[in-house]
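Participant: Any chance you can model this:
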Amino acid sequence: MSNQFKHRWRNDQLLVFGLLFLLLLIIVAIINWVVGLAGFLLLIALVIWYVRNDARFEKDLKEYITTLSYRLKKVGEEALLEMPIGIVLYDEKGHIEWINHYMTAQSEGDRFLNQPLDKISEDLPEFIQSDDTDTFLTIQGLKYHVISRKTERLLYFFDVTELMELKQKHFDEQTVFAIICLDNYDEVTQGVADQVRSNINNAMTSTIQNWAIEHGIYLKRISSDRFVGILNEKILQELEEDHFIVLDRVREKILVSHIPLTLSIGVGSGTSSLPELGQYAQSALDLALGRGGDQVAIKHPDGKVKFYGGKSNPVEKRTRVRARVISHALSELIVESDQVIVMGHQYPDMDAIGACIGILKIAEVNGKEARIVVDPKNYGAGVIKLVEELRKNEELWSKFISPEEAEEKMTRGTLVVVVDTHKPSMVMDAKLLPMADRVVIIDHHRRAEEFVKDPVLVYMEPYASSTCELVTELIEYQSKDLSLDVIEATSMLAGITVDTKSFTFRTGSRTFDAASQLRSHGADTILVQKLLRDDLNQFNMRAHLIKDTTIYKDHIAIALGTEDQTYDQVLIAQTADTLLTMEGVKASFVVCMRKDNKVGISARSLGEINVQLIMESVGGGGHLTNAATQLEDESIGEAYDLLKQAIDNYLQGGM
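Facilitator: A predicted model of the protein is given here:
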């Protein structure tokens, strides 16, 4: 088109030139007719040349346009029929109307004409009905990026098999960093003979090295109880598929040698930054150790953590030195604060109330005013009797305040102490956490993914029976002026008694030491029994739940409530405890509607089944033998199905 424009512009110039030339000839002819005649002959010759030249140009232009149209049409036909892009047209009913040659060759499309789209892929009908404009499908072993033009009922298929393979290869080769820790190596080898220590070291080292060689992991020992491992995402996937069998191999060594040694692994994954991988691995290891060890934690940049293992009961390995250090650190924080606010979890039990009272006494002996946050509408049924006893002590009861009062009293210099939980979503009043510059966590549960942000002091011991046990040990290292009256000591002893099921579950030597110390402060064991007594109505409700219990997988008892009957969380937990006393029951689960219209599930086991892992898979948590969860917007039947699926996954090794 640019040549045509130039041609017309040149014609216009010639026309102007011709007119000027004609005018000049007329003037010359008047002066000299001979010269004028010669000029006219020259002008005629130029006109003839111009006309012939213009005719030839128009002819060439038409030929060019005709050739270009043909070429464009041919290119369009080849693009439609021959380019390596699949094209499919379908009708209103989702049947194939037309398919191009490329798609025919790739999917044997001749057989698909006038057939439903699901003949190409079962996912296509759902895709065209959705609002999505593109998706990825696998057809005949090839991966396609499918783009939909719904108004034209047109589908484009782009073969991205090589691209996806390259992408997968790139992902598979990404570096993964692991820190491997022998949980209690120093405790086990302390005081043993050199030969025994050497045998333990050889056994554990050979087990870990053989596992690393088997999977192609570079392993380097960095201390007596730690290794670092370098692997990639593909190897990590293989390790996840066999559920980190090295944990079971180390556990087998324990059974043979009777050495209480376990393994924990922290894995950093999902980023190309080596410093970040190291940070994720260390954070994951801290999380695994905080949950009791004998497990693997894999942390990704999005904050999500996957857990494997955790099947053995944690071996008590905390020391009194740590309790003394934590006690002194807590005292310093209290002294530096304006005041102390203490709170437990929602629907507090006796362990939470007892631990709050213990921290209250520690704050007071350090000369600071302290308050305990409770919600009168938020009492668990199991603490009603305890609250009635506390009301009789006016001085102590005056230290209990509501969440609204606590929010009014809060200052930036307030020290908030959270006991018996570490999850922000479960504390008595989550609004208090961001209002304070310093938060302390004291808990005996295994650490979960959700955790209070940036606490200044954390005392988490999953080996302890209860938070009251931990707080009792902290009291032991406080000033000699600290004394507990009868109801205070009794409240803490009741917390230990409830969490240990009268000193039968998760009870270590330190548990009895703590109970002995509380007894020396005047704890009334008879009053504890009175606080724990059931009334006849609760007994009947528990019996009603037990009556409809079913046995799942031969040794798992599951009791279901009804949609129209609500139960207190404590009663649900007590029912699970009772079911565990039945012959042949290794684990028990009770599923009921709670008074807050959530579905509560309480889980208990004798140790062979890790109910913590099962409950974590449905959004809960707890201990190996004692766990629970609450589900919103779920019916009893739906919760039951989720529970069975979680149990099946656990038994099949999917956790």
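Participant: Now for this protein, the helix or strand with the poorest mean pLDDT.
Facilitator: Ranked by mean pLDDT, DSSP states H and E, the weakest helix or strand in the chain is helix 2-31, scoring a mean of 62.
Participant: where does the stretch 351-500 of the chain have low pLDDT?
Facilitator: 380-382, 480 (pLDDT under 70).
Participant: Can you tell me the element residue 180 falls in?
Facilitator: Assigned by DSSP states H and E, residue 180 belongs to strand 175-182.
Participant: other SSEs contacting the helix or strand that comes right after that strand?
Facilitator: The helix or strand immediately downstream of strand 175-182 is helix 185-189, counting by DSSP H and E. Counting by 3 or more CB pairs under 8 Å, 6 or more residues apart in numbering; DSSP states H and E, the packing neighbours recorded for helix 185-189 are helix 194-215. Every C-beta, even on glycine, is put in place using the N, C-alpha and C of the backbone.
Participant: orientation of the following helix or strand past the helix it packs on relative to helix 194-215 in degrees?
Facilitator: Using DSSP H and E, the helix or strand that follows helix 194-215 towards the C-terminus is strand 218-223. Angle, strand 218-223 to helix 194-215, by axes from the mean of the first three to the mean of the last three CA atoms, to 10 degrees: 150 degrees.
Participant: if we can go back for a sec, mind listing what's buried in the strand holding residue 180?
Facilitator: Residues of strand 175-182 classed as buried by neighbour count (16 or more other CB atoms under 10 Å): 176-182.
Participant: Hmm, which of these is lowest in pLDDT?
Facilitator: Lowest in pLDDT among these is residue 182, which has 88.
Participant: That one contacts residue 207, doesn't it?
Facilitator: No. Contact between residue 182 and residue 207 fails when scored by CB atoms under 8 Å: they sit 10.5 Å apart.
Participant: Now do the same for residue 262: its pLDDT.
Facilitator: pLDDT, residue 262: 81.
Participant: Could you give the number of residues near residue 119?
Facilitator: Residue 119 is flanked by 17 other residues according to other CB atoms under 10 Å.
Participant: Okay, it and residue 139: tell me how far apart.
Facilitator: As for residue 119, its distance to residue 139 is 11 Å (criterion: CB to CB, to the nearest Å).
Participant: was I right about residue 391 contacting residue 385?
Facilitator: No. Using CB under 8 Å, residue 391 is not in contact with residue 385; the gap is 10.9 Å.
Participant: quick one: which of those two has more around it?
Facilitator: Counting neighbours by other CB under 10 Å for residue 391 and for residue 385 shows that residue 385 has the greater number, 17 against 11.
Participant: I'd guessed that one sits against residue 530; true?
Facilitator: Yes. Counting by CB under 8 Å, residue 385 does reach residue 530; the two are 7.3 Å apart.
Participant: What mean pLDDT does the helix or strand hosting residue 638 get?
Facilitator: Residue 638 belongs to helix 636-651 when assigned by DSSP H and E. Averaged across helix 636-651, the pLDDT comes to 91.
Participant: And that helix, what's buried?
Facilitator: 636, 639-640, 642-643, 646-647, 650.
Participant: Also stretch 581-599?
Facilitator: Result for stretch 581-599 [16+ other CB under 10 Å]: buried residues 585-594, 598-599.
Participant: do the same with stretch 166-176
Facilitator: Neighbour counts over stretch 166-176 (16+ other CB under 10 Å) mark residue 176 as buried.
Participant: Pull the distance from that stretch to the chain's centre.
Facilitator: Here stretch 166-176 is found 22 Å from its chain centre; the criterion is CA atoms, centre = their mean, to the nearest Å.
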